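Colleague: Test case, fold it:
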Amino acid sequence: MSAIFHREREKKASPSPSFMGQPGMEPLEGKESNGAVPDCNGGAPAPPAKQQQQLEGADALRYANILRSRNKFADALQLYSTVLEKDGTNVDALIGKGICLQAQSLLKQALECFTEAVKVDPSNACALTHCGMIYKDEGHLVEAAEAYQKARTADPSYKAAAEFLAIVLTDLGTSLKLAGNTEDGIQKYCEALEVDSHYAPAYYNLGVVYSEMMQFDVALTCYEKAALERPLYAEAYCNMGVIYKNRGELDAAIACYDRCLTISPNFEIAKNNMAIALTDMGTKMSLTIKPNFSQSLNNLGVVYTVQGKMDAAASMIEKAILANPTYAEAYNNLGVLYRDAGSITLSVQAYERCLQIDPDSRNAGQNRLLAMNYIDEGSDDKLYDAHREWGKRFMKLYAHYTSWDNPKVADRPLVIGYADAKTLRFKDKVLKKGGLWRDIYGIDEKKVASLIREDKVDILVELTGHTATNKLGTMACRPAPIQVTWIGYPNTTGLPAIDYRITDSLADTPNTNQKHVEELARLPESFLCYTPSSEAGPVCPTPAISNGFVTFGSFNNLAKITPKVLQVWARILCAVPNSRLVVKCKPFCCDSIRQKFLTTLEELGLEPLRVDLLPLIHLNHDHMQAYSLMDISLDTFPYAGTTTTCESLYMGVPCVTMAGSVHAHNVGVSLLTKVGLGRLVAKTEDEYVSLALDLASDVYALQDLRMSVRELMIKSPVCDGESFTRGLESAYRTMWRRYCDGDSPALKRLELLADQPGSTKEDLDKTAVKLADPRVQRANAIAEEDNQAPIKVNATPEEGGQPQIIMANGVSSPADSQALIATAQLDQPQIMVNGVSSPHSTSGRCEMNGHSSR
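Modeller: Here you go, the predicted model:
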């Protein structure tokens, strides 16, 4: 879990397309905005454009530095060249020109500039360091180390040279170690730490070497030092867990794996290792605890759940309930099992039974709300009422702030805070752009609220909703004057302390009847932005041409594939002779779930032989290439796909979706419309069937469409991070101006819902309903929404967030039942070596809580 704060830049500059809606760059003094090392060039206000041609000497150089600091490299390059035409030995101009060329990946020309600067000024640490950077980028580690060392010798206080030298020495150490020169490798790691005693990867790689040498005490010390220097070092925690597990210290091993998976939820090796440790713990418990002891049975159920052995898990948890009919946590865990198996009604009933026993169970309360989204078609206010009631009850547990010291200046730079575990992968980018990062793992939510208040965050954004690892307790404290929920959950949070919910006009139409506790803030295009995985691979020809039959498919969460969805899919398949259906999701590793799914389709007239069921695919490249198995993607309803739809389109597979009356139903409508495939949006089930049949009727037209969809998507607003960021920042600015004018939706709501003398429960309920009425919200809609747009992420958070499962005795699973894969066949944990990460991808698709769902 992490909190990200960034400070908004000057609005005159063009926006940066980086993650977290990072605004445009302000003039920088003494540091580079493009990741280059700092130099001594200062910044000053830029003269008007018309005067640029008249600039000479120092003025031209100063203005070139300003342009470069704003990432306007071509313009800066022209000015540097002008200076050098008159004075070819101007070191500052040579360095500035080299940085511009380097930023444009013109490394050979850049190196020439830096080399020339060194000839003129052999002790210039900045130029020497840039030479080292280029050598490293080209794989010349020895030359890079020499250049960095010369920079340190020239200027021992030049911090950048030391930092880069430590990196290169560590890389050299790994190269030597892999070549069989272990002792030399250790020597390089030690040299790296002599240069920079805080460089965590050097400690980590020493830990790997000593682990391989079976010097586990020394290795553990190295890993601990790596984690101390870099608290979010997932690989270090994973390897510490391996050592503890091999020693038989299962509690310590599980704690390390839990920490690792909190940092990196898609870390497959850690998932496997966690499952092995839990299996060992379960075996140990079953041998040492009475077989009818409810906690032991529940914990064994959790072990089987994380292994994907759903039948065995259900048996254990049901026995736990028989042993103790008032065991609330067991009912919650049973609800998770039912949800994973696609039995949503049974899942909700299990959560409700847990809440009857323990009305304050936060896990069951939030899991219930999440599950209800899978079957809500918006025909009544039942789901809204459930969220609102949860929010009212939850707010009573937290005192909330009603005033803040944040200056009410409408157009000043803003501090935006993001609190969520999924943001961990963007830490380096945030810090490089001048943002603030706080690790809030394990910190009480009320304490987190105090930290946010101390940091004077203006707008606090939560990205999780009612899914695992959420910080709604922090939001309930209202530590920031404006609070927003976005992208992580397809419905209202129900929390009166949150002002806005970010969406768009297609996912939540202006005339929607769906009620929200928050006020809707609509972005001008899509409410999300998708960056395709670099591991996706090429678009493959539509398989129908070579197969001779059409294949329909879906890679959505099984919980979304409701009985009604199966009925419609069966109609399509039965109407297309010889067609096939391919469905992929994790629960299909369980035979009973596969059989149930096939039996249901068979009862609807579709022969099991025409259906292919695929389990989880671990490698992101393989997962993306699995789209080559299908010709046409079929969306789910009333809870549509998000990441699955984006992936399908990027791999060229057209997707048929259906519009509905709630946000979860309309996500596909938003995506397809913005990509330019609005013609594939159906309004009814009959139209959905008709659209699928039309696509299947002409495989050559389908092939032409397939070859064009990726380009359509890349050029669409769905992949336009820069415009998205501008729109999102515009939305934030509008919210802030409203606050400065005394308009705060949450404060109004909290005041009206407060227990005032003479107010009855009925009066308060009527007030809440009025505030949530879409017509009232439309009347108070954001005035500048036409000027808004979103933030670019490596992968849109997956739509089906995961519930949380509970183990007794304070031992928790790594967040949820889908976080780990089945590992029954493994008898030894896997260890990270040489800093090489597990096969998960930071740009792979994610669940709403960051867990892999491939």
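Colleague: what residues are up against residue 395?
Modeller: Contacts for residue 395 (CB atoms under 8 Å, 6 or more residues apart in numbering) come out as 476, 495-497. Just so you know, the C-beta spots here come from the backbone N, C-alpha and C atoms, and that holds for glycine as well.
Colleague: From residue 162, how far out is it?
Modeller: Going from residue 395 to residue 162 by CB to CB, to the nearest Å gives 50 Å.
Colleague: Could you tell me which of the contacts of residue 395 belong to helices?
Modeller: Judged by DSSP state H, the subset of the contacts of residue 395 located in helices is residue 476.
Colleague: which among the contacts of residue 395 gets closest to residue 409?
Modeller: Lowest distance from residue 409 to those (CB to CB) belongs to residue 497, with 23.7 Å.
Colleague: now that closest one: how far from residue 449?
Modeller: The span separating residue 497 from residue 449 equals 10 Å under the rule CB to CB.
Colleague: what do you get for residue 694?
Modeller: As for residue 694, its distance to residue 449 is 53 Å (criterion: CB to CB).
Colleague: can you check residue 502 too?
Modeller: 21 Å.
Colleague: quick one on the thing from earlier: got any residues that touch both of residue 497 and residue 449?
Modeller: Here residue 497 and residue 449 have 477-478 as joint contacts, going by CB under 8 Å, 6+ apart.
Colleague: So residue 522: helix, strand or coil?
Modeller: strand (DSSP: H, G, I helix; E, B strand; the rest coil).
Colleague: which SS state does residue 501 fall under?
Modeller: With three-state DSSP as the basis, residue 501 sits in strand.
Colleague: State whether it and residue 522 are indeed in contact, as I suppose.
Modeller: No - judged on CB atoms under 8 Å, residue 501 makes no contact with residue 522 at a distance of 9.8 Å.
Colleague: shared neighbours, these two?
Modeller: By CB under 8 Å, 6+ apart, residue 501 and residue 522 have no common neighbours.
Colleague: Show me the strands in this protein, by range?
Modeller: Ranges of strands in the chain, per DSSP state E, are 2-7, 415-419, 436-439, 459-462, 482-485, 500-504, 519-523, 551-554, 580-584, 611-614, 632-634, 655-658, 681-682.
Colleague: With distance to residue 178 and mean neighbour count as extra columns, can I get these in TSV?
Modeller: TSV is the format used below for the strands of the chain (distance: least, CB to CB, whole Å; neighbours: other CB atoms under 10 Å):
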stretch	distance to residue 178	mean neighbour count
strand 2-7	32	22
strand 415-419	38	26
strand 436-439	32	16
strand 459-462	43	26
strand 482-485	47	26
strand 500-504	47	26
strand 519-523	48	25
strand 551-554	41	24
strand 580-584	36	22
strand 611-614	35	17
strand 632-634	42	27
strand 655-658	44	26
strand 681-682	52	22
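Colleague: export those strands to TSV and tack on distance to residue 717 and mean pLDDT?
Modeller: What follows is the strands of the chain, written out as TSV (distance: least, CB to CB, whole Å; pLDDT from 0 to 100):
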stretch	distance to residue 717	mean pLDDT
strand 2-7	23	44
strand 415-419	22	92
strand 436-439	29	85
strand 459-462	20	96
strand 482-485	20	98
strand 500-504	10	98
strand 519-523	9	97
strand 551-554	25	98
strand 580-584	28	97
strand 611-614	32	95
strand 632-634	20	98
strand 655-658	17	98
strand 681-682	16	98
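Colleague: Redo those strands as a markdown table? Include distance to residue 109.
Modeller: Putting the strands of the chain into a markdown table (distance: least, CB to CB, whole Å) gives the following:
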| stretch | distance to residue 109 |
| --- | --- |
| strand 2-7 | 33 |
| strand 415-419 | 38 |
| strand 436-439 | 35 |
| strand 459-462 | 42 |
| strand 482-485 | 45 |
| strand 500-504 | 43 |
| strand 519-523 | 41 |
| strand 551-554 | 49 |
| strand 580-584 | 48 |
| strand 611-614 | 49 |
| strand 632-634 | 46 |
| strand 655-658 | 45 |
| strand 681-682 | 50 |
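Colleague: Many thanks, I have nothing further to ask.
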